[in-house]
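Peer 1: Quick one: sequence plus predicted model below, questions after.
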Amino acid sequence: MRSEILMLAQARGVMIATAESCTAGMVAAALTDLAGSSAVFERGFVTYSNAAKIEMLGVWPTTLDAVGAVSEDVAREMAQGALNRSQAQLAISLTGIAGPGGSERKPEGRVCFGIASADRVDSETVEFGPLGRDAVRAAARDHALTMLCTTLRGMPTT
């Protein structure tokens with residue numbers, strides 16, 4: 001799938017940016033592991049703390065206060081912020097509870113995703129469950145890659 005993402009992005013003239021919290025750069029690493037990725041990967045933001053989300057991506061402190069970092073609202077703001085602060089045309093974001101731990105309100109394995117392009121920002125939440133930290137992070141990385149691929153398939157070629 002990673003090579004398909006690179007091929008699709010190149011065919012569409014799209015550069016990609018990532019904004020990652022719980023995966024701490026795993027999506028960026030998965031994309032840049034492939035030769036030729038510099039043609040389509042613009043940059044990655046690792047914003048593990050709330051302060052980093054605010055400073056690097058422009059996430060609103062009021063959003064963080066109101067709904068917390070693990071929310072679709074924050075995921076959307078992260079994706080939009082990555083798009084605004086890069087030369088990319090497509091940005092993906094992830095924020096979640098990899099574990100161990102979590103709470104009844106925000107359980108381990110919950111990851112919120114955002115994806116932004118020039119004309120839209122979408123988000124979704126996936127409950128991976130308490131799979132353990134490594135498995136949740138890997139599942140979140142893979143889901144983000146799937147979202148990128150699906151979005152790119154729907155974009156016109158240049």
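Peer 2: Perfect, thanks for sending it. Numbering: from 1, shown residues only.
Peer 1: buried residues in stretch 40-59?
Peer 2: 40-47, 50, 53-54, 56-57, 59 (16 or more other CB atoms under 10 Å). Where C-beta positions appear, they are placed from N, C-alpha and C, glycine not excepted.
Peer 1: swap in stretch 126-143?
Peer 2: Neighbour counts over stretch 126-143 (16+ other CB under 10 Å) mark 126, 128, 130, 133, 136, 137, 138, 139, 140, 141, 143 as buried.
Peer 1: The fifth one falls within a helix, correct?
Peer 2: Yes: assigned with DSSP: H, G, I helix; E, B strand; the rest coil, residue 136 falls within a helix.
Peer 1: check contacts around the closest residue in space to it that isn't next to it in sequence.
Peer 2: Leaving out its chain neighbours, the residue that sits closest to residue 136 by CB to CB, 6 or more residues apart in numbering is residue 98, at 4.5 Å. Residue 98 makes contact with 22, 23, 108, 109, 111, 133, 136, 137, 140 under the criterion CB atoms under 8 Å, 6 or more residues apart in numbering.
Peer 1: confidence score at residue 41?
Peer 2: The per-residue pLDDT reported for residue 41 equals 98.
Peer 1: Centroid-nearest residue for the protein?
Peer 2: Per CA atoms, centre = their mean, the C-alpha nearest to the average position across the chain is that of residue 93, at 2.0 Å.
Peer 1: Let's verify that one: helix, strand, or coil?
Peer 2: Residue 93 ends up strand, using three-state DSSP.
Peer 1: Can you give me the distance of it to residue 103?
Peer 2: Separation of residue 93 from residue 103 (CB to CB, to the nearest Å): 22 Å.
Peer 1: And the strands in the chain, which stretches?
Peer 2: When assigned using DSSP state E, the strands of the chain occupy the ranges 16-20, 41-46, 90-96, 110-117, 120-127.
Peer 1: how about those strands, which one is nearest residue 74?
Peer 2: strand 90-96 (5.6 Å; CB to CB).
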